[in-house]
Every structure is written in structure tokens, then in C-alpha cells.
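Student: generate coordinates for the sequence data below:
(one chain, ligands or ions: 1)
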Amino acid sequence: MIYEKSHSLFNEAKKYMPGGVNSPVRAFQAVKREPLFIKSGKEGHIFDADGNSYVDFVCSWGPGILGHAHPRVIKAVQKACEHGLTFGAPTEKETELAKLISSLMPSMEMLRLVNSGTEAVMSVIRTARGFTGKNKVIKFNGCYHGHSDCMLVKAGSGLLTQSIPSGSGVPENCTRDTLVAEYNDISSVERLIESNKGEIACVIIEPAAANMGVVPPKKGFLKELRKLTEENGILLIFDEVITGFRLSPGGAQEYYGVKPDLTTLGKIAGGGMPLAVYGGRRDIMEKVAPVGKVYQAGTLSGNPIAVTAGIETLKILKENKDIYSEIERKSDILEKAFKDSGFNVNRVGSLLCPFFTDKKVQTYDDALSSDTEKYAEYFSYMLEKGIYIAPSQFEAMFVSYAHTDEDIEKTAECIAGAGKFIFNS
Ligand code: KE4
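Tutor: Below is the predicted model of the structure:
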């Protein structure tokens, strides 16, 4: 493959944007390569500036469950644009999207549209604090909830730690109320609740973790977490920015049969446009301004174009339930290819992740034991074969409805080849 055009575009971009990118993971640093500059996408494929084509399993980190440039979504967005892009005033479409989301996720009795997953999480935490009058928040090591200050914490060594900020620019006082438990370890949550009795507003979790690679919840873990939070008057927040409308039409809460008090959504909810959501129990959401005193606002929140993309996408998902059985079927083939080729692969629905460790990956520490150099080799092998996967061990492979049987077959063959190349099996 030739990458000359991407190379020169990257050099130019680096003069104007940190690392030449608008989000760090896109810089390909973890896989020790220069990023590709993408020119276009269609169905399950993307095309870079040098004219190379790839089967795309990043799918813009999740929104692309229907593939790129779905004709129905594009047509609806083009039509909406003719009437103006944004008014900063309520429109009927926002109610239509809110009703559609609520019909798919009944726990979301009332919700607010925002512009990014980060904004949704920042707002839902503030709402949980405002509703309970408590400040402390439990998150899980290895779960990512966007870059709002109180979520940018890295657990100290061991469990039950007072968090220290990760990265710079986050003052200690922004994270002193953020407690870190271990994913899939309910006793770590029990100990935090015990040592912070009556002070915890909420627990936030990725119901299926996809930001430390893919780590499914152990059987019963989510149900235990629900019971524990209910018993202690602590709100349970499912961060479904990735899992929402992906694991099932009703997301992880339908897939696992556990009802949170609050939920955040993003990615698929906006059909690829900047749109995210937070919501849940009506009595909690009625604390949000202008009804209640929890302030949250946004110039472009619920703008007609992003809302149109979201409505069209969710309508297609709601009208074609076979989409979910289809992406499961395609994911079955890929999972089998990984396993037959000697990979240690985790999977939840249409989210997959090969780990380069002998451990069964069920916690953040297990995930950290993965050989990221080997992941980088795997990444390059697949890229050179025209398969575009996450440029980091700690992300997910997203299967879309637009991936054809040929795409899946080609990918399965490349996985087999990568297995031979890496494990020289
Ligand atoms: P955004 O602010 O990036 O829209 O959403 C933050 C977020 C919140 N919650 C979960 C579970 C998420 O996965 C994310 C963002 N996901 C990453 C990919 N792992 C976005 C990609 C990026 O950071 O460039």
C-alpha cells in the first residue's frame, strides 16, 4: 500500500492541530504508524487519500452500525439542511427523537439531547449529584466515560483507592470524589460503599466494557450491582454510548435485563452526527433546568440536522430487527476465525477484541497484561491487507450491517493469515 498523500496531509495537519488530529487515538501512536487520512466511506468500506480501500471495523468508533453514507440517512439529512441548520429553539423533531429513544429504552422516561458522550456523562453525573445531594461517584478501572474532569482518573495501585487524576490539567479537587472499583469484582464496590457510607451519589459503568478492549460483564455482575446500589440508595448509571442500540434495540439494559436509573447514549443515537443523550427516571430528570436546579445547556443541543440523522438511523434499526441477527451472524464468523487461528478473543454481540495475553481477560489488569507490541504487529498486518481495525489494543472491533459476506470472508482469511504471521502457527 502507498501512503504518500496521507503522509503529506499528516505533516501539514501537525502544524495546526496537536498531533495532527482532533482526538488522540486517531494519531496511530499506539501502533507506531502514521494515521491514514480518510477521503470517503461507503457501506462497510472507507477510502484513504491515496485511494486505498479498507473494510472498516472502526465504524467511527461505533456510530456506523448501518455502514457509511446510508442512502436513507443521507437523503433525510440533505432535505433537513435545506430548511436551515440550527435555530436554538425547540423543534418537533427533538420530541420525535426523544419518543423514539424512550420507546426503545423504556428506562429513559425523560431525557436531554446534548452533543457528545462526554457532555452526556458530565451532565448525568451532575444530575445524580443534584438529585441525591451527595458528591461521590464510583467508576470502574478501565472504563472510559469521556474526558470530563471528574471522569479522568486512573486508579492507584490495588483496589479501593482515592483517585489521582490521569493526564495533566485536572486539579486534584476535581477527582477527590471519584472512587475507582474493579470491573467484574462486586466486592470492590461493596468495600467502597462501606468506607464511604451515605456519601455516594452514583455508580457509573459501561455495562459491557469496550474501552479496555472488550470485557464482558461476568454472569450476574450487573444484577448484583443493581441490587447493591438499590439497597444503598445509590443511583446506577449505564454508560451506553457504545452499547446503546448496538447490543440490541434496547441496548445493554435489554440485552442483560438490568434496568439502570440513568443512561447515557451517543454514537449510534446520532447516526454519525454529533448527538448524545442522558436520561432516565422522570423524578430524577425533573431536577434538570429549567424545571429543576441542575444547570445544563447547549447552543447546538438537539439541532435539527443531527436529530434527523438520529431519527432515521433509529427508525431503520427499529423497523429491521433482522439487523441484529445479521450482525450477530457476521460476528460469529469473525469470532470463529479468531479462535481457529489461536487468538484470545473477547466478544459481546457485534463488539470483538483479540488480546495478546494468555490470561482470560475479565478485568483491567488482565487487559493490561496484553502485549501491545504484538497488537501493533497484528494491526499492521491487517491494514496492509485492507482491513481497518482500531489502532489500539484497548478499543473494540465494530461489526456493521453494511459489511457484506465477502467483506467478512476476506476478514476471516486475513485473521487466519495474521494468526500464522504472529503465532507462526
Ligand atoms: P465522546 O465524547 O467521544 O462522544 O464520548 C465519550 C465516551 C463516553 N462513553 C463511552 C463508553 C465511550 O466509549 C466514549 C467515547 N469512545 C471513544 C472510543 N473508545 C471515542 C473515540 C475517541 O476518543 O476518539
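
Student: within range of the ligand, give me the residues from the chain.
Tutor: Within the chain, the residues that sit near the ligand (Cβ under 6 Å from any ligand atom) are 23, 25, 61, 116-118, 121, 144-146, 206, 211, 239, 241-242, 266, 276, 395. C-beta: built from backbone N, CA, C; applies to glycine.

Student: going along the chain, name the strands of the stretch 301-425 of the chain.
Tutor: For the stretch 301-425 of the chain, the strands defined by DSSP state E, counting those that start in this stretch occupy 344-348, 351-355, 387-388, 397-398.

Student: now the ones you listed as CSV including mean pLDDT and mean neighbour count?
Tutor: What follows is those, written out as CSV (pLDDT from 0 to 100; neighbours: other Cβ atoms under 10 Å):
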stretch, mean pLDDT, mean neighbour count
strand 344-348, 98, 21
strand 351-355, 98, 26
strand 387-388, 98, 21
strand 397-398, 98, 26
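
Student: out of those strands, which gets nearest to E254?
Tutor: strand 344-348 (13.4 Å; Cβ to Cβ).

Student: helices or strands up against that closest one?
Tutor: The contact analysis (3 or more Cβ pairs under 8 Å, 6 or more residues apart in numbering; DSSP states H and E) places strand 344-348 against helix 322-340, strand 351-355.

Student: ok, now with 6 Å
Tutor: With contacts taken as 3 or more Cβ pairs under 6 Å, 6 or more residues apart in numbering; DSSP states H and E, strand 344-348 sits against strand 351-355.

Student: could you look up the SS state of V180?
Tutor: strand (DSSP: H, G, I helix; E, B strand; the rest coil).

Student: beta partners of it?
Tutor: Here V180 sits in beta bridges with K139, T161, as judged by DSSP bridges.

Student: surely it meets N141?
Tutor: Yes - with contact defined as Cβ atoms under 6 Å, V180 reaches N141; the gap is 5.3 Å.

Student: which residues sit in contact with the residue in the stretch 201-350 of the chain positioned nearest to the ligand?
Tutor: Nearest residue of the stretch 201-350 of the chain to the ligand: V241, at 3.5 Å (Cβ to the nearest ligand atom). Contacts for V241 (Cβ atoms under 6 Å, 6 or more residues apart in numbering) come out as G117, T264, G266, K267.

Student: where's the third one relative to L317, distance?
Tutor: Right, G266. 15 Å (Cβ to Cβ, to the nearest Å).

Student: what of the first one?
Tutor: Noted for G117: a distance of 18 Å to L317, by Cβ to Cβ.

Student: out of the two, which sits in the more crowded spot?
Tutor: Neighbour count, other Cβ atoms under 10 Å: between G117 and L317, G117 has more, with 30 against 22.

Student: okay, and for the stretch 101-250 of the chain, where does confidence drop off?
Tutor: 154-165 (pLDDT under 70).

Student: which residue ranges of it form strands?
Tutor: Under DSSP E, counting those that start in this stretch, the stretch 101-250 of the chain gives strands at 110-114, 136-140, 153-154, 161-162, 164-165, 178-181, 200-205, 235-239.

Student: from the contact counts, what lies against the first one?
Tutor: Using 3+ Cβ pairs under 6 Å, 6+ apart as the contact criterion, the secondary-structure elements in contact with strand 110-114 are strand 276-280.

Student: after the strand it packs on, which helix or strand is next?
Tutor: Downstream of strand 276-280, the next assigned helix or strand under DSSP states H and E is helix 282-285.

Student: can you list contacts of that following helix?
Tutor: Helix 282-285 is contacted by residues E109, M110, F131, G279 when judged by Cβ under 6 Å, 6+ apart.

Student: for the residue in the chain that the ligand sits nearest to, what are its contacts?
Tutor: For the chain, the residue closest to the ligand is G117, as judged by Cβ to the nearest ligand atom, at 2.3 Å. Contact analysis of G117 by Cβ under 6 Å, 6+ apart lists G146, V241, G266, A276.

Student: my read: the last one touches S116, true?
Tutor: Yes - if you go by Cβ under 6 Å, A276 and S116 touch, sitting 5.3 Å apart.

Student: quick one on the thing from earlier: widest-spaced pair of the contacts of V241?
Tutor: Every pair of these checked by Cβ to Cβ; the farthest is T264 and K267, at 10.6 Å.

Student: more neighbours: which of these two?
Tutor: More crowded of T264 and K267, by other Cβ under 10 Å: T264, with 32 against 26.

Student: show the pLDDT at that one.
Tutor: T264 is assigned 99 on the pLDDT scale.

Student: for it, phi and psi?
Tutor: Here is the backbone geometry of T264 (degrees, to the nearest 10): phi -110, psi 150.

Student: from the chain's centroid, how far away is the helix or strand hosting S40?
Tutor: According to DSSP H and E, S40 maps onto strand 38-42. Mean C-alpha position of strand 38-42 versus that of the full chain (Cα atoms, centre = their mean, to the nearest Å) differs by 21 Å.

Student: contact partners of it?
Tutor: The contact list for strand 38-42 (Cβ under 6 Å, 6+ apart) reads I46, F47, D48, A49, H68, A69.

Student: redo that, cut-off 7 Å
Tutor: I46, F47, D48, A49, D56, H68, A69 (Cβ atoms under 7 Å, 6 or more residues apart in numbering).

Student: may I ask which two of those residues are separated the most?
Tutor: Distances among these were taken as Cβ to Cβ; the most separated pair is A49 and A69, at 17.6 Å.

Student: between those two, which one's more packed in?
Tutor: Neighbour count, other Cβ under 10 Å: between A49 and A69, A49 has more, with 17 against 14.
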